[in-house]
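Asks: need a 3D model of the sequence below.
(one chain, ligands or ions: 1)
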Amino acid sequence: MNLKICGNMEKSSVDAAVKAGATHVGFIMSAGFRRSVSADSVAKMTMDVPKTVKKVGVFVNEPIDFVKNTVKSAGLDVVQLHGAEDMAYIRALGDISVIKALSDFSKIPEYDNVILLLDAPRGGSGKLADFSAVKFDDISLPYFIAGGLTPDNIAEVVKKYPNAYGFDVSSGVETDGKKDGEKIKTFIWNVTLSQPEDADFSAGLSEKFDDFDADLGLKIPIQTIQFKIENNGIFQAGLVARQMGTSIDIQQLFVAEPFRKAGLGHFLLKKIETYAKTNDIHYLTLNTLSIYAPNYYQRYGFHVYHTLNDCPLKGIDLLRLQKEI
Ligand SMILES: O=C(O)c1ccccc1N[C@@H]1O[C@H](COP(=O)(O)O)[C@@H](O)[C@H]1O
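Replies: Numbers count the residues shown, from 1 in each chain. Below is the predicted model of the structure:
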């Protein structure tokens with residue numbers, strides 16, 4: 001999945017985007033826009049960007065020579081053309097990789113050998129694009145979806161456009177006109193977050209419990225809740241919980257080593273809490289050991305309500321924690 005964080009103006013937002021898993025970082029190279037930056041500043045902002053992350057320069061109806069020179073001086077990998085640039089213009093750029101932004105979707109068939117970026121009429125406005133006229137099945141080129149994406153709407157958008165090459169955001173990851181590292185992280189993680197829907201062993205067991213309860217005259221709905229953060233096949237973090245009636249027991253929360261200390265665990269705890277709030281859940285519970293980090297959960301409002309000393313081994317305590325919703 002390709003994820004492009006565009007309109008960067010500071011090194012801190014570029015670093016946040018790369019750290020969270022962006023595949024593209026974008027810069028407005030044409031002058032006169034609120035987010036315009038110079039080639040020199042792009043070179044400085046991207047000095048730590050790994051080669052695997054593409055540096056994209058956004059240009060609007062610029063002379064060919066300006067684009068070519070800026071690609072060299074800023075060290076860009078790709079140009080994003082946001083004006084009326086046609087195929088003759090694109091051919092004149094030679095072997096420079098091109099993303100062609102379009103908001104007049106009737107022009108899609110005019111392009112080849114580019115990646116499309118389907119956007120709202122005024123790039124960078126944060127306004128949602130209207131794709132109702134687009135026949136997505138007829139598009140033969142890879143395409144980014146852009147225009148008014150936010151951390152809150154991106155999960156739905158990803159579901160709606162499963163064949164998209166990628167997703168692009170600028171305004172939606174800003175606060176008061178500046179890129180916001182937390183929003184960048186949440187945007188990317190909300191794309192990579194999936195709730196595996198495949199029936200698994202625990203779901204099978206839940207059914208057996210349902211039958212058992214029914215025999216006792218009880219009807220307590222039980223289900224497994226799973227959130228997994230995975231990007232390009234690389235597992236980053238996951239949470240597995242069991243919902244039983246009005247309570248949820250978090251059974252596993254795990255963040256893979258290279259992705260620790262970035263807030264992924266906090267993000268998953270927030271996800272389960274939001275789920276709990278919207279599903280009439282009264283308690284979140286979990287077990288942890290004293291040698292792990294009970295403080296970690298206490299920081300998020302969990303309280304220890306029971307301790308078993310020397311369990312499961314001498315010198316280690318088993319702690320039972322709860323948080324009221
Ligand atoms: O961001 C700008 O100021 C800008 C200026 C000129 C051309 C394009 C611009 N922005 C691009 O628009 C899309 C979507 O932005 P948003 O998420 O709706 O704010 C993105 O590619 C921006 O780089």
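Asks: and the strands in the stretch 1-150 of the chain, which stretches?
Replies: Residue ranges of the strands in the stretch 1-150 of the chain, as given by DSSP state E, counting those that start in this stretch, are 2-5, 24-28, 54-59, 78-81, 97-102, 115-118, 143-145.
Asks: okay, now the sheet partners of the third one, with direction.
Replies: For strand 54-59, sheet partners with direction are given as strand 24-28 (parallel), strand 78-81 (parallel), following DSSP bridges.
Asks: and for the last one?
Replies: Strand 143-145 has these partner strands in its sheet, going by DSSP bridges: strand 115-118 (parallel), strand 166-169 (parallel).
Asks: pull the residues that contact the last one.
Replies: With contact meaning Cβ atoms under 8 Å, 6 or more residues apart in numbering, strand 166-169 is reached by 1-6, 23-24, 26, 117, 119, 142, 144-146, 149-150, 154, 157-158, 187, 191. Where you see a C-beta, it was placed from the backbone N, CA and C, and this is true even at glycine.
Asks: confidence score at whatever residue of the stretch 101-250 of the chain ends up closest to the ligand?
Replies: Residue nearest to the ligand within the stretch 101-250 of the chain: Gly124 (2.2 Å; Cβ to the nearest ligand atom). The predicted local distance difference test score for Gly124 is 84.
Asks: swap in Leu313?
Replies: In this prediction, Leu313 carries a pLDDT score of 90.
Asks: so for the strand or helix carrying Ile272, mean pLDDT?
Replies: Counting by DSSP states H and E, the element that carries Ile272 is helix 264-278. Confidence for helix 264-278, expressed as mean pLDDT, is 94.
Asks: what's the average pLDDT for the helix or strand following that helix?
Replies: Once helix 264-278 ends, the next helix or strand along the chain (criterion: DSSP H and E) is strand 283-289. Mean per-residue pLDDT for strand 283-289: 95.
Asks: same list, the strands of the stretch 1-150 of the chain, but as CSV with mean neighbour count and distance to Gly263 please.
Replies: Below are the strands of the stretch 1-150 of the chain laid out as CSV (neighbours: other Cβ atoms under 10 Å; distance: least, Cβ to Cβ, whole Å):
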stretch, mean neighbour count, distance to Gly263
strand 2-5, 23, 17
strand 24-28, 25, 20
strand 54-59, 23, 25
strand 78-81, 24, 29
strand 97-102, 22, 30
strand 115-118, 23, 29
strand 143-145, 24, 26
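Asks: to Gln252, which of those strands lies closest?
Replies: Minimum separation from Gln252 across the strands of the stretch 1-150 of the chain (Cβ to Cβ) falls at strand 2-5, 26.4 Å.
Asks: and the closest one, what does it pack against?
Replies: Where contact means 3 or more Cβ pairs under 8 Å, 6 or more residues apart in numbering; DSSP states H and E, strand 2-5 is packed against strand 24-28, strand 166-169, helix 181-192.
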